[in-house]
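A.B. asks: Let me see the structure of the following:
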Amino acid sequence: MAKTSAEVLHEKGRAEGEARGKRETLLRQLRRKFGALPQDVEQRIQALTEVSQMDELLDRILTAASIGEMDV
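C.D. replies: As a prediction, this is how the structure comes out:
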């Protein structure tokens, strides 16, 4: 069954909202653990679009001892 344009837009908006929320959480947790972040790290995180990549980084925060270990 084909999706209506409204359904497609709703799904796209939901996915974008999920990605935005994960980016915000990632930045918040990184700042909380490591303090002020270098501008290039913030820019790279803001440019992320893949939720799975953000999930991997969120998991990595738990064991990283430095921002360098985050591989951002």
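A.B. asks: Next, name the residue at the spatial heart of the protein.
C.D. replies: The chain has Arg23 as the residue nearest its centroid, 3.0 Å off, counting by C-alpha atoms, centre = their mean.
A.B. asks: Quickly find the element holding it.
C.D. replies: Using DSSP states H and E, Arg23 sits within helix 5-34.
A.B. asks: for that helix, what is the average pLDDT?
C.D. replies: If you average the pLDDT over helix 5-34, you get 92.
A.B. asks: That one packs against which elements?
C.D. replies: Where contact means 3 or more C-beta pairs under 8 Å, 6 or more residues apart in numbering; DSSP states H and E, helix 5-34 is packed against helix 39-46, helix 51-60. (C-beta placed from N, C-alpha, C; glycine too.)
A.B. asks: Can you give me the distance of the residue nearest to Thr49 when sequence neighbours are not counted to Leu57?
C.D. replies: What sits nearest to Thr49 in space, not counting adjacent residues and going by C-beta to C-beta, 6 or more residues apart in numbering, is Ala19, at 6.2 Å. According to C-beta to C-beta, to the nearest Å, Ala19 stands 13 Å off from Leu57.
A.B. asks: Kindly report the same for Gly17.
C.D. replies: For Gly17, the distance to Leu57 - C-beta to C-beta - is 18 Å.
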